[in-house]
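Undergrad: When you get a sec, could you give me coordinates for this:
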Amino acid sequence: MDAKLIAEKVVNKMFDNDWFSQWLGIERVFIEPGKCVLKMTIRKEMLNGFAIAHGGITYSLADSALAFASNSHGRQSVSVETSISHTVSLKEGDEIIASAEEQSLTNKIGIYNIIIKNKQGVTVALFKGVVYRTSKDWFPQ
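TA: The predicted structure follows:
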């Protein structure tokens with residue numbers, strides 16, 4: 001099986017059991033080894049007391065992108081460190097797109113940057129994630 005097909009198969013399996021990503025309304029736009037693009041729309045129940053998106057919403061979208069990108073090589077990976085910087089507030093109805101890209105990959109550690117932009121292409125958040133790569137394959141031979 002080629003690498004892109006493995007990546008798509010892993011992400012599909014993960015997403016099918018990821019009730020939170022489904023609740024967020026995440027759509028998978030692009031998947032390949034080490035990369036992932038997701039999008040979603042901010043809903044009313046995602047707003048905080050200032051009538052802007054709760055910071056946990058963009059964080060969660062980025063965290064899902066991290067999970068999918070880091071597992072896309074076919075090895076089970078889990079986050080060990082993450083951080084986010086929110087640069088622009090979001091309102092109900094805003095569509096956001098998270099693009100995850102692998103920066104470094106070793107046998108045990110992967111480092112990823114996720115940029116979240118709105119539909120107009122404005123960066124609304126910057127996320128960095130570090131994952132631990134286990135020795136377990138998603139689809140053992």
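Undergrad: what about the spatially closest residue to Arg75 that is not a sequence neighbour, distance to Asn17?
TA: Leaving aside its chain neighbours, Arg75 sits nearest to Arg133 (5.2 Å; criterion: C-beta to C-beta, 6 or more residues apart in numbering). The way it works is simple: take the backbone N, C-alpha and C, and place the C-beta from them, glycine included. Using C-beta to C-beta, to the nearest Å, Arg133 is found at 20 Å from Asn17.
Undergrad: Give me the helices and strands touching the top helix by length along the chain, please.
TA: Determined from DSSP state H, the single longest helix within the chain is helix 55-71. Where contact means 3 or more C-beta pairs under 8 Å, 6 or more residues apart in numbering; DSSP states H and E, helix 55-71 is packed against helix 3-16, helix 19-24, strand 35-41, strand 75-86, strand 95-105, strand 109-118, strand 123-137.
Undergrad: out of those, nearest to Ile52?
TA: Across those, Ile52 has its closest neighbour in strand 75-86 (9.6 Å, C-beta to C-beta).
Undergrad: List the neighbouring strands of that closest one plus their orientation.
TA: In its sheet, strand 75-86 lies beside strand 123-137 (antiparallel), with partners assigned from DSSP bridges.
Undergrad: buried sites along the strand it pairs with?
TA: By neighbour count with 16 or more other C-beta atoms under 10 Å, strand 123-137 contains the buried residues Val124, Ala125, Leu126, Phe127, Lys128, Gly129, Val130, Val131, Arg133.
Undergrad: which residues are contacting it?
TA: The contact list for strand 123-137 (C-beta atoms under 8 Å, 6 or more residues apart in numbering) reads 58-59, 62-63, 65-66, 70, 73-90, 96, 98, 106-118.
Undergrad: Going through those, which ones are buried?
TA: The buried subset of these - by 16+ other C-beta under 10 Å - is 58-59, 62-63, 65-66, 70, 73-77, 82, 84, 86, 88, 90, 96, 98, 110, 112-118.
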